[in-house]
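Student: Coordinates for the following, if possible.
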Amino acid sequence: MERLLAKFDCNEDVICITITSKLSATYATALIAKDLHEEAKKSNRVYVVDSLSGCAGQGQLVKLACELKARGMCAVEIVKVLEAKKHDLVCFGYLETLDNAVKSGRISPLKAKIASTLNLKGIVHVTDGLVVPVDKGRGTNKTIDKVLKYVDENSGNPNGKEAIVCHANNIQVAKKIEQLLLDRGYTKVYLSVIGPVMGTHTAEKGIIVATI
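Tutor: Got it, this is the predicted structure:
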């Protein structure tokens, strides 16, 4: 809370883009900090945006906000665009291991053991603020192909678009996906890491791909 208040106390309007409120209390905390900031009658305004996503999807909104600011848009205009565009985010990925899914009660230990034996990886869709299982892939290469197929089907023509690939200590696979996306026509692909909140869902070696 103190860190948020310190960031909010500046000479410019502030836009705070948080991880999805359905997986973290960050959004609620930011709203409280915003109220405290306004009660102190500071000169600048604070706007809090629930990304309904995380890591790669959240990063897409941050990147978009920076681009809009560079074009000369004010905070109110930027927030309006972000609130609309966050529903256009396309975000898919896969889980290298189902260990964390077992710990959270999402699947049974028996199913996880069978998946591990068969080298199956869970494919997930980050939608409406939640991480939702949608499919399975066998082996890394086939799973990557399936994930990118979902991205292709939901994002339309990639020409002129940018994408973000986030990984949980899996840079080699992230770089491979980067090249596959560039080969598809994406103009730029950014690589980043999965943070601790999303990491509790993806676990070690997890991958998330997002575009908008």
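Student: Does Ile15 touch Ala75 like I think?
Tutor: Yes - under the criterion of Cβ atoms under 8 Å, Ile15 makes contact with Ala75 at 5.7 Å. No exception for glycine: its C-beta is placed from N, CA and C like everyone else's.
Student: Between those two, which contacts overlap?
Tutor: Tyr47 (Cβ atoms under 8 Å, 6 or more residues apart in numbering).
Student: Do a quick rundown of the strands in the chain.
Tutor: All strands of the chain, identified by DSSP state E, fall at 14-18, 46-50, 90-95, 120-127, 130-138, 162-167, 188-193, 207-211.
Student: can I get those in CSV with distance to Lys146 and mean pLDDT?
Tutor: As requested, the strands of the chain are exported to CSV (distance: least, Cβ to Cβ, whole Å; pLDDT from 0 to 100):
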stretch, distance to Lys146, mean pLDDT
strand 14-18, 29, 96
strand 46-50, 29, 97
strand 90-95, 8, 94
strand 120-127, 6, 89
strand 130-138, 5, 88
strand 162-167, 15, 96
strand 188-193, 19, 96
strand 207-211, 11, 96
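Student: List the contacts of the residue nearest to Val189 when sequence neighbours are not counted.
Tutor: Among residues not flanking Val189 along the chain, Glu178 sits closest, at 4.4 Å (Cβ to Cβ, 6 or more residues apart in numbering). The contact partners of Glu178, by Cβ under 8 Å, 6+ apart, come to 165, 189, 191.
Student: Neighbour-wise, give me the winner out of those residues.
Tutor: Val165 (26 neighbours; other Cβ atoms under 10 Å).
Student: Which parts of the protein are helices?
Tutor: 2-8, 26-39, 56-70, 75-85, 99-103, 109-117, 140-155, 171-184, 196-202 (DSSP state H).
Student: what about the ones you listed, which gets the closest to Ala210?
Tutor: helix 56-70 (3.5 Å; Cβ to Cβ).
Student: orientation of the closest one relative to strand 90-95 in degrees?
Tutor: In terms of direction (axes from the mean of the first three to the mean of the last three Cα atoms, to 10 degrees), helix 56-70 departs from strand 90-95 by 150 degrees.
Student: What residues of helix 56-70 count as buried?
Tutor: 56-62, 64-65, 68 (16 or more other Cβ atoms under 10 Å).
Student: I'd say Val147 and Gly122 touch.
Tutor: No - Val147 lies out of contact with Gly122 (Cβ under 8 Å); the separation is 10.8 Å.
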